[in-house]
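>>> Using only what follows, build the 3D model:
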Amino acid sequence: MSIYQFVDEDLLKEWTIADRSALIELLTKFEHLNKASRVEDIKAFLMVLLTNRSIKTQNLALRCLLNLKNPVYNKYQDNLKNLLDDTLFRDEIIKFLQNDDENTIDDKDLDTLMPVILRILYGRAQTKGTGNKQSIKTAAIKLLPNFQEKYIIDFLHLSFHKIHYNEFFESGELDTNISFRLLKNITGFFNMNLDVVNLLRRKHNEALAVLIKPLLYSLSASEYVISHPSEFNENDENYDKVARNNRQSGFKLLYMVTDYLGKSFDWKPYGDIIYKNLVEPKMEHFADENLQGPSSLTKLMTSLWSDEHLHFFLYYNDYQPVNVLLSILSNKNAKDTILISILNFVLSLLENSNDSEEFVNVMAIIISSCLDSLVLLLENSVNVEVNSKAVQILLTFVEREFITENGSRKILVASLTTALDKPSSQMSIKVKADCF
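The predicted structure is shown next:
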């Protein structure tokens with residue numbers, strides 16, 4: 001059997017770690033691996049192994065790569081080996097990769113060497129443990145902003161190289177044959193990027209766009225598992241648990257990516273996938289599930305969809321997102337945190353100057369719903385922030401002459417009178433003054 005037949009990752013997926021290590025150890029014996037049949041296949045396999053969280057596997061993969069006799073690899077072999085030494089790692093990244101005073105890597109070598117460096121760092125960024133191991137993980141991730149944008153993008157690609165999402169976007173259909181292994185790969189993808197995206201933020205926001213497709217596919221797959229328990233839980237009760245954790249982490253990551261990409265990014269090409277796959281399934285029980293506090297999805301809706309470039313999400317299904325959010329305001333069991341989140345959402349929309357027909361319809365829904373719900377809210381709430389924001393909304397209705405019908409005006413006056421009668425512990429003195 002020729003050596004390249006061993007380098008199929010699917011072939012090895014059932015192998016134990018010990019067996020894999022033995023195979024790679026065997027490859028290290030080939031001192032002139034560059035002369036082997038199908039050497040590019042072997043190299044590709046070794047580059048995958050270099051991303052492994054096991055320091056032993058990474059070291060073996062690097063030894064094999066050095067046997068390819070690539071002059072650039074060999075030129076920096078001591079530096080590469082030091083990056084795989086727990087004792088020397090932090091000193092090496094400062095000396096080798098963060099040295100602003102000395103050009104430690106020749107420009108002509110960058111495109112050859114960086115794929116190796118990025119894979120080493122990716123493996124190191126997956127290090128588990130506390131103390132020194134945690135500091136290695138943190139140091140590997142914090143190094144990313146020092147790199148050129150194209151290398152940051154390459155690193156992000158490594159985080160989802162095990163997630164095959166292209167067919168999902170090409171066909172528009174989700175392959176529902178979702179393995180437990182895929183769910184765990186999604187977990188790793190989310191966990192890695194929650195740390196990375198939080199570090200990159202807006203400074204490198206253009207790179208974050210590469211995460212959108214694998215992120216939406218991963219969330220869609222996890223949501224499907226949750227919505228169809230009979231198809232999965234009979235095989236493994238952990239399916240549901242992992243999928244739910246993925247959904248929580250995934251929506252948090254979606255929030256971060258949406259926020260950091262900024263107002264210039266066009267989300268409309270992804271609107272149908274986001275709404276149909278991720279939002280619509282949650283709408284039926286949305287109010288009941290958010291009474292105790294805003295979920296990651298709710299934070300996305302209330303904090304970001306109020307921006308004009310994302311208003312189109314509010315228009316889906318005859319303004320369903322707006323209606324379900326506003327319905328919570330009249331629920332006596334709603335906690336203050338969710339009420340404040342929705343009130344901020346309304347205030348943000350009221351400050352917007354969007355004059356489209358759809359947005360005018362949103363304003364009409366808000367005025368109609370809030371007039372009654374805020375009256376009830378002011379009668380029952382003792383929270384100063386909730387009450388103050390509710391009054392701010394009602395005052396905005398007055399200032400912008402949204403209330404013209406006499407019966408509605410009487411309701412409004414009664415509500416403001418109720419607000420004025422509240423003690424200062426329940427109503428801001430400044431807001432009381434604004435009422436006059």
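
>>> okay, and for this protein, where does confidence drop off?
Counting by pLDDT under 70, the chain shows low-confidence ranges at 1-15, 17, 99-102, 129, 233-237, 432, 434-436.

>>> Map the structural domains onto the sequence of it.
By the assignment in automatic domain parsing, the chain contains the domains 148-283, 319-436.

>>> can you list the ones you listed in TSV and add mean neighbour count and distance to V48?
Any C-beta I mention is one placed from the backbone N, CA and C, and that applies to glycine too. Shown next, in TSV, are the domains of the chain (neighbours: other CB atoms under 10 Å; distance: least, CB to CB, whole Å):
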stretch	mean neighbour count	distance to V48
domain 148-283	17	8
domain 319-436	16	41
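
>>> can I get the ones you listed in a markdown table with distance to D107?
Listed next are the domains of the chain as a markdown table, based on distance: least, CB to CB, whole Å:
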| stretch | distance to D107 |
| --- | --- |
| domain 148-283 | 11 |
| domain 319-436 | 47 |
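
>>> among those, which is nearest N290?
Ranking those by proximity to N290 (CB to CB) places domain 319-436 first, at 5.4 Å.

>>> Next, the contact list for the residue nearest the centre of the chain, please.
In the chain, the C-alpha closest to the average C-alpha coordinate belongs to L253, at a distance of 1.4 Å (CA atoms, centre = their mean). When contacts are counted by CB atoms under 8 Å, 6 or more residues apart in numbering, L253 touches 190, 193-194, 197, 211, 215.

>>> Closest to H204 out of those?
Comparing the contacts of L253 against H204 with CB to CB places V197 closest, at 9.4 Å.

>>> Now do the closest one against L377, distance only.
Using CB to CB, to the nearest Å, we find V197 at a distance of 36 Å from L377.

>>> likewise V324?
Counting by CB to CB, the gap from V324 to L377 is 17 Å.

>>> Likewise for E206?
E206 sits 42 Å away from L377 when distances are taken as CB to CB.

>>> and what of E284?
Using CB to CB, E284 is found at 24 Å from L377.

>>> So what touches the helix or strand in which A140 is found?
Using DSSP states H and E, A140 sits in helix 132-142. Counting by CB under 8 Å, 6+ apart, the neighbours of helix 132-142 from elsewhere in the structure are 86, 89-90, 93, 121-122, 124-127, 195-196, 199.

>>> swap in stretch 180-187?
Taking CB under 8 Å, 6+ apart as the criterion, the residues outside stretch 180-187 that touch it are 13, 162-163, 218, 221-222, 225, 235-236, 238-239, 242-243, 245-246, 249-250.

>>> Quick one: residues contacting N277.
Listed by CB under 8 Å, 6+ apart, the contact partners of N277 are 174, 216, 219-220, 223.

>>> 10 Å - rerun?
When contacts are counted by CB atoms under 10 Å, 6 or more residues apart in numbering, N277 touches 168, 174, 216-217, 219-221, 223-224, 227.

>>> In strands, which of the contacts of stretch 180-187 appear?
Among those, no member falls in strands (DSSP state E).

>>> Quick one: mark the members of those that sit in helices.
Judged by DSSP state H, helices contain the following of these: 218, 221-222, 225, 238-239, 242-243, 245-246, 249-250.

>>> between the residues you listed, which is closest to A44?
Top of the list for closeness to A44, among the ones in helices among the contacts of stretch 180-187 and by CB to CB, is S218 at 23.7 Å.

>>> measure the closest one to K263 for me?
Separation of S218 from K263 (CB to CB) stands at 25 Å.

>>> cool, G407 as well?
Noted for G407: a distance of 39 Å to K263, by CB to CB.

>>> Kindly report the same for M47.
37 Å.

>>> in the stretch 301-436 of the chain, which spans are helices?
For the stretch 301-436 of the chain, the helices defined by DSSP state H, counting those that start in this stretch cover 316-327, 336-350, 357-380, 384-399, 406-420, 429-434.

>>> residues touching the closest residue to F160 other than its chain neighbours, list them.
Here the nearest residue to F160 in space, its sequence neighbours aside, is P214; by CB to CB, 6 or more residues apart in numbering that works out to 3.9 Å. Each residue near P214 by CB under 10 Å, 6+ apart is listed here: 156-157, 159-166, 168, 186, 189-190, 193.

>>> and which of these is nearest A414?
Comparing the contacts of P214 against A414 with CB to CB picks out F190 as the nearest, at 48.7 Å.

>>> my read: that closest one touches N246, true?
Yes. If you go by CB atoms under 10 Å, F190 and N246 touch, sitting 6.2 Å apart.
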